[in-house]
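In: after the sequence you'll find the predicted model.
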There are 2 protein chains.
Amino acid sequence: MTDFSKTRSMFDIPDGMTYLNGNSLGPMPKAAPEAMDRFLKDEWRTEIIKGWNTKGWFMQTNTLGDRVGKLIGAPAGTTVVGDTLSIKVFQAVSAGLALVPDRRVILSDNGNFPTDLYMVEGLMKLKDDGYELRIPDPEMVLDSITEEVAVIMVTEVDYRTGRKHDMKAIIEKAHKCGAVVVWDLAHSAGAIPVDVGGLDTDFAVGCTYKYFNGGPGAPAFIHVAQRLMDVVEPSLSGWYAHEAPFAFDTDFRPMPGAIERMRIGTPSIASFAILEVALDIWDHVDMNDLQERSIELSNLFIKEVEARCEGVTYAGIRDPQARGSHVSFRFEHGYACMQALIAEKVIGDFRAPNVMRFGITPLFIGEADIHKAVDTMEAIIKNETWREDRFQARGLVT
Amino acid sequence: MTDFSKTRSMFDIPDGMTYLNGNSLGPMPKAAPEAMDRFLKDEWRTEIIKGWNTKGWFMQTNTLGDRVGKLIGAPAGTTVVGDTLSIKVFQAVSAGLALVPDRRVILSDNGNFPTDLYMVEGLMKLKDDGYELRIPDPEMVLDSITEEVAVIMVTEVDYRTGRKHDMKAIIEKAHKCGAVVVWDLAHSAGAIPVDVGGLDTDFAVGCTYKYFNGGPGAPAFIHVAQRLMDVVEPSLSGWYAHEAPFAFDTDFRPMPGAIERMRIGTPSIASFAILEVALDIWDHVDMNDLQERSIELSNLFIKEVEARCEGVTYAGIRDPQARGSHVSFRFEHGYACMQALIAEKVIGDFRAPNVMRFGITPLFIGEADIHKAVDTMEAIIKNETWREDRFQARGLVT
């Protein structure tokens, strides 16, 4: 049984803050400053260039990749970390298209996180070869899988509503139709149980700055099915993916049969130092316990808000098995209300046009946080605090 | 006049170490641990998600980009940091090809750093539209610029020999022929005076972990000429490049007329915390002073090694104006000799097949270091210390 009071004690969250935004950027693990200090003083300072050998920097893409892989059901040796999620999406989709060279349709949905769509747009322009991106409503994805489709790229959990795709059904139908699946785990990894190996997806990508708490801009990850490892073509073919990276040959030969081929250039080793201790926390967590706890807390939150906050309506999915681990509410004055909540140290975020979004992250969130959040929201709505000028002005990020 | 004893005092280099590898990975600035601690505790810990607004994280790509830009002669607003150099090469070359859509030749040279060539190889495969990569000998690049050429991608300073391309001549001829230039500054930025603005290159890319001392895997940078800012097409079109990144529209519209369009996804903010203080050191440096000092030290090193180390021959360029800031020597037993030097705390590196390479970085290297390096090398050669078994085994990185 996962001890969530133990995991809670492993984070350093400011006193009095109710942090319901771990789905956007996780809070700092207590171990991060010491780990970073160790990296700076005992690795970079003392070893400098030698650290690539003596401190294992060169293979951290893989050692950390395996640790992430374990949390998403990926066999060892099929996941690497590095780069940004946008880049990993590009890698996966471009590699997917090369596997199905005679088709020209990429299927996603209009609820997908925009950067995934943007990256595909850029890829299609580059290829300039009649590709088409279809983005039906999320509910229509399964029905839209046909033998025309080369690659299906969907984010399992909708970043606004928390609505979950049925990945098992999508993958099965895709494979029946000869299509390749790129599964974006941005809002799934560390949020709900995921089994990329068991469901035999072709590719999976995600980030580590949300539920994995790796810090702002922490590395992304990519998983490739072992069965594809010999045939998958890296289109972003950097020296880190080369069969002999230190031979300095002028022609590219991808590392045969290994996930190294999805590495690109030299990754930030400082960001790995944080990720390492952020992942340590997960050694104490069972994903099924996590989901159970997330559902309890989410249901409590939804029930209380609906009962006590007038004008605020639940924007998500009722069936807890069909959603991720954040809950969203619509409110006409959602932006200002979220600003007022933040002023009271209840931190969620806002997604246009009117969605207030809260991450339910049992690693560091309990009932008391939920009650605090609802009490605060209720008072803001009753007193119309959100009308204050200071809550109307827009910042860059909410 | 630059005070190099002052800059030397701003680095934390282990006692007794002669570090002649700042061209590969710079040593740690003394200010790095405190800056990182501040980022972790006063930014990430206390602000968490709000840091994107309150701590300026979202625009650090640009604020740090401008500081890098200043050191390579780029006007403000034309340089951003982020991603890896491999990715930035891909961005620049793909954007360059789009500017000259009717041509099919990419010109580089066979001395270019392999990852640049690999990334172009991947790009050509993606485009699959008759592109050809020509890699003549470096000396033949200028003569190979014809009206067939779409993009010229060269690394100014050869990573092995230090040989410098005549960028002025290349850019002038390229523009006369209607070609676009991508100038890789990996071994130039922070090594020699660079004036990307004055020479009116189309693109420039580079990294910050070498002479800029940003730490292992520190962010890369890209510069785009202001005259291209409205027409340049980002092919890696992530949300960070969008005109309205927080509108979450499903279609990509690049930030109009601004370098933001060359940003991609969410960058590592921890790596920016280090880069910031690493760049502070450059506030005290005049690039002409730096080059003068580099030439003095390099000439001393070359002269002494040639006089005292039998069998070791200088592999670089005699004219100091025609080279970068590292010096290379060929020695039949170069690998083992470098291992023996490292065991004596004289740190350089090795590049196949037989090149011993030393970075001359006046920010933290002086005459005493050069004498120590030559004395040590002389003793190793005289005593044939390099024959010892322990110096024969190969590691991943040297």
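Out: It's in. Keep in mind that this is a model prediction, so the values were computed, not measured.

In: at which residues are the strands of the stretch 1-150 of chain A located?
Out: For the stretch 1-150 of chain A, applying DSSP state E, counting those that start in this stretch gives strands covering A:18-19, A:79-81, A:105-107, A:132-134, A:149-155.

In: the shortest one near chain B at all?
Out: Think strand A:18-19. Yes. Contact of strand A:18-19 with chain B (CB under 8 Å from any CB of the partner chain) involves A:Tyr19. Quick note: C-beta positions are derived from backbone N, CA and C, even for glycine.

In: just checking, what packs against that strand?
Out: Strand A:18-19 sits against strand A:346-347, helix A:367-383, with contacts defined as 3 or more CB pairs under 8 Å, 6 or more residues apart in numbering or on different chains; DSSP states H and E.

In: export these as CSV, with columns for mean pLDDT, mean neighbour count and distance to B:Ser268.
Out: Output for the helices and strands packed on strand A:18-19, formatted as CSV (pLDDT from 0 to 100; neighbours: other CB atoms under 10 Å in any protein chain shown; distance: least, CB to CB, whole Å):
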stretch, mean pLDDT, mean neighbour count, distance to B:Ser268
strand A:346-347, 98, 25, 22
helix A:367-383, 98, 18, 29
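
In: how about these, which one is nearest A:Met287?
Out: For these, proximity to A:Met287 was assessed by CB to CB; helix A:367-383 is nearest, at 20.8 Å.

In: using PDB, list the CA coordinates for that closest one.
Out: Backbone C-alpha positions of helix A:367-383 (Å, rounded to 0.1, in the frame of the first residue of the first chain) are rendered in PDB as follows:
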ATOM      1  CA  GLU A 367      -8.300  15.900   1.500                       C
ATOM      2  CA  ALA A 368      -7.300  19.000   3.500                       C
ATOM      3  CA  ASP A 369      -6.100  20.600   0.200                       C
ATOM      4  CA  ILE A 370      -9.300  19.800  -1.500                       C
ATOM      5  CA  HIS A 371     -11.400  21.300   1.300                       C
ATOM      6  CA  LYS A 372      -9.200  24.400   1.400                       C
ATOM      7  CA  ALA A 373      -9.600  24.800  -2.400                       C
ATOM      8  CA  VAL A 374     -13.400  24.500  -2.300                       C
ATOM      9  CA  ASP A 375     -13.800  26.800   0.700                       C
ATOM     10  CA  THR A 376     -11.700  29.400  -1.000                       C
ATOM     11  CA  MET A 377     -13.600  29.100  -4.300                       C
ATOM     12  CA  GLU A 378     -16.900  29.200  -2.600                       C
ATOM     13  CA  ALA A 379     -16.000  32.500  -0.800                       C
ATOM     14  CA  ILE A 380     -14.600  34.000  -4.000                       C
ATOM     15  CA  ILE A 381     -17.800  33.200  -5.900                       C
ATOM     16  CA  LYS A 382     -20.100  34.400  -3.000                       C
ATOM     17  CA  ASN A 383     -18.300  37.600  -2.500                       C
END
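
In: that older thread, which of the strands of the stretch 1-150 of chain A sits most buried?
Out: Highest mean neighbour count of these: strand A:79-81, a mean of 31 (counted as mean count of other CB atoms under 10 Å in any protein chain shown).

In: give me the sheet partners of it and which way each runs.
Out: Under the criterion DSSP bridges, strand A:79-81 sits next to strand A:220-224 (antiparallel) in its sheet.

In: what mean pLDDT does the partner strand have?
Out: Taken as a whole, strand A:220-224 has a mean pLDDT of 98.

In: flag every buried residue along the following helix or strand past it.
Out: Heading C-terminal from strand A:220-224, the first helix or strand you meet, by DSSP states H and E, is helix A:269-280. By neighbour count on 16 or more other CB atoms under 10 Å in any protein chain shown, the buried set for helix A:269-280 is A:269-279.

In: list the helices and strands helix A:269-280 packs on?
Out: helix A:32-38, helix A:60-70, helix B:269-280.

In: of all the ones you listed, which one is nearest A:Ile259?
Out: helix A:60-70 (6.9 Å).

In: show me what the closest one is packed against.
Out: Contacts defined by 3+ CB pairs under 8 Å, 6+ apart place helix A:60-70 against strand A:79-81, strand A:220-224, helix A:269-280.

In: distance to B:Ala340 added to these, as CSV?
Out: Output for these, formatted as CSV (distance: least, CB to CB, whole Å):
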stretch, distance to B:Ala340
strand A:79-81, 34
strand A:220-224, 40
helix A:269-280, 27
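
In: and of the ones you listed, who's closest to A:Asn110?
Out: Shortest distance between A:Asn110 and the helices and strands packed on helix A:60-70, using CB to CB, is found for strand A:220-224: 23.1 Å.

In: residues from the stretch 201-350 of chain A in reach of chain B?
Out: Residues of the stretch 201-350 of chain A lying near chain B by CB under 8 Å from any CB: A:207, A:209, A:215-220, A:233-242, A:246-252, A:264-271, A:274, A:342, A:347, A:349.

In: one step back: any chance of the buried residues of helix A:269-280 in JSON lines with distance to B:Thr63 and pLDDT as columns?
Out: Shown next, in JSON lines, are these (distance: CB to CB, whole Å; pLDDT from 0 to 100):
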{"residue": "A:Ile269", "distance to B:Thr63": "23", "pLDDT": "98"}
{"residue": "A:Ala270", "distance to B:Thr63": "19", "pLDDT": "98"}
{"residue": "A:Ser271", "distance to B:Thr63": "19", "pLDDT": "98"}
{"residue": "A:Phe272", "distance to B:Thr63": "24", "pLDDT": "98"}
{"residue": "A:Ala273", "distance to B:Thr63": "24", "pLDDT": "98"}
{"residue": "A:Ile274", "distance to B:Thr63": "22", "pLDDT": "98"}
{"residue": "A:Leu275", "distance to B:Thr63": "25", "pLDDT": "98"}
{"residue": "A:Glu276", "distance to B:Thr63": "28", "pLDDT": "98"}
{"residue": "A:Val277", "distance to B:Thr63": "28", "pLDDT": "98"}
{"residue": "A:Ala278", "distance to B:Thr63": "26", "pLDDT": "98"}
{"residue": "A:Leu279", "distance to B:Thr63": "31", "pLDDT": "98"}
